[in-house]
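Chemist: Here is a sequence with its predicted model. Questions after.
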Amino acid sequence: MIRKTLILVICLIPFFSQAQHDVLVLERRGMHEQAYTIGDPMSFETIYGRWFSGTIEDLHHDTVYIAGQAFNYNEIAVIHRSSKAGASQAGKYMMIVGGGLAVISVINGALRQDHPNQWFTVSGYIISGALLVGGFLVSEISPKNYKLGGRFKLTYLQLTK
């Protein structure tokens with residue numbers, strides 16, 4: 001009896017579930033970079049120079065619906081990179097660690113009542129300076145936007161007809 005009920009429940013699942021039907025794929029030099037589906041947040045600039053952001057409400061026949069507006073996916077010129085733990089976040093963490101190392105060295109030297117020119121060692125200067133400069137460079141060099149064209153390409157995958 002339990003087996004029959006389980007089989008019945010498994011057979012009824014497709015009638016009550018909803019599958020995703022279309023996907024926007026951002027490719028970098030032909031390789032998958034990021035995918036956008038219904039319910040994903042997206043911020044982009046159109047070819048007309050206007051920025052829009054919001055949650056994707058629907059993807060239907062090459063059209064992206066965001067915040068009650070409809071856009072053809074070919075009208076998207078720049079996609080703003082989402083703030084996931086990437087190069088920009090790593091740069092911020094590197095700067096925090098470098099600054100923290102310098103602050104800890106100063107506090108330890110002051111607590112030990114050392115002369116101020118003995119608070120840092122050469123390795124302390126090198127490590128904290130490298131972390132601060134490296135973190136700044138990593139956060140500034142990492143791209144903030146995906147400009148569609150050369151390296152980046154937006155493709156529309158229609159999974160159903």
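Modeler: Yes, it's here.

Chemist: Output the contacting helices and strands for the longest helix seen in the chain.
Modeler: As assigned by DSSP state H, the longest helix anywhere in the chain is helix 87-111. Judged by 3 or more C-beta pairs under 8 Å, 6 or more residues apart in numbering; DSSP states H and E, the packing partners of helix 87-111 are helix 122-141. For the C-beta atoms, the positions are set from N, CA and C on the backbone; glycine is no exception.

Chemist: Next secondary structure after the helix it packs on?
Modeler: strand 145-147 (DSSP states H and E).

Chemist: what is the mean pLDDT for that following strand?
Modeler: Averaging pLDDT along strand 145-147 gives 84.

Chemist: So what are the sheet partners of it and their directions?
Modeler: Take DSSP bridges as the rule and strand 145-147 pairs in its sheet with strand 76-80 (antiparallel).

Chemist: domains of this structure?
Modeler: 2-81+143-158, 87-141 (automatic domain parsing).

Chemist: list the buried ones in the longest helix of the chain?
Modeler: Of the residues in helix 87-111, 88, 91, 94-95, 98, 101-102, 105, 109 count as buried by neighbour count, 16 or more other C-beta atoms under 10 Å.
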